[in-house]
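K.L.:
Just to be clear, the model below is a prediction. Sequence and coordinates:
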Amino acid sequence: MSDSSDRALQMFQTALKMEEKGHDFYTKALESCKNPAGVEIFRMLAQDEVHHTRIIKKIYDKVSGGADYSEELAEMEGQRREEDLGAFFRKVAERHGRDIHADTSDLEALAVGLDFEKKAVDFYSRSLAEATDPTERRFLEEMVAEERTHVQLISDTLAYLENPADWFEAMEKPLLDG
């Protein structure tokens, strides 16, 4: 196997561990979360991690066998979320309203999740900078985009749970008469 293939296999092994760890964390956070909006967010994040893990396992098996994995990449690209995560979060916030209260442990779990997702963006971005294979680059670009949407989703959730009234005001962009 070439150095490039060895590096890619190591990257996929690390990515797999990272995604599994993320799923475990979000599942535990989901089980202990007291806030209904947080429950929805943690559930969606856990599901995304399962999807990422499944695709990475399939790709790893192909790459370790010396085969092309463009079919799995096409599957990943073909399963993009029908609605963007911003729209998903706005619907969650509208369902739960302005008078929602967050438990400190829920906010802490979101902060840990935010840190985790930022590290994932960094990992996939560094891997992208080293990748030379066009299929690998497409995969990594997809993962960077996915993880960035998770960062934005968690950031929005934190802002909403810390101060729902301010979050709604910022999203509604009210006009001020002078």
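P.N.:
It's in.
K.L.:
use CA for all of it now, contacts and neighbours both
P.N.:
Fine.
K.L.:
Arg95: neighbour count?
P.N.:
Around Arg95 there are 11 other residues, counting by other C-alpha atoms under 10 Å.
K.L.:
so after the helix or strand where it lies, what's the next helix or strand?
P.N.:
Here Arg95 sits within helix 85-96, counting by DSSP states H and E. Using DSSP H and E, the helix or strand that follows helix 85-96 in sequence is helix 104-130.
K.L.:
Just the buried positions in the very next helix or strand once past that next one, please.
P.N.:
Later in the chain than helix 104-130, the nearest helix or strand by DSSP H and E is helix 134-162. Of all the residues in helix 134-162, those buried under the rule 16 or more other C-alpha atoms under 10 Å are 135-140, 142-144, 146-154, 156-162.
K.L.:
Tell me what angle helix 134-162 forms with helix 104-130.
P.N.:
Computed by axes from the mean of the first three to the mean of the last three C-alpha atoms, to 10 degrees, the angle separating helix 134-162 from helix 104-130 equals 160 degrees.
K.L.:
change the start of the numbering to 109 and stick with it
P.N.:
OK, 109 is where the count begins now, so the last one is helix 242-270.
K.L.:
Send over the helix or strand just after helix 242-270 as CSV, restricted to the C-alpha atoms.
P.N.:
Sequence-wise, the next helix or strand downstream of helix 242-270 (DSSP H and E) is helix 272-280. This file holds the C-alpha atoms of helix 272-280, laid out as CSV (Å, rounded to 0.1, in the frame of the first residue of the first chain):
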residue,chain,number,x,y,z
PRO,A,272,-34.7,32.7,24.4
ALA,A,273,-36.2,36.2,24.3
ASP,A,274,-32.9,37.7,22.9
TRP,A,275,-32.6,34.8,20.4
PHE,A,276,-36.2,35.4,19.1
GLU,A,277,-35.6,39.2,18.9
ALA,A,278,-32.4,38.6,16.9
MET,A,279,-34.1,36.1,14.6
GLU,A,280,-37.2,38.3,14.1
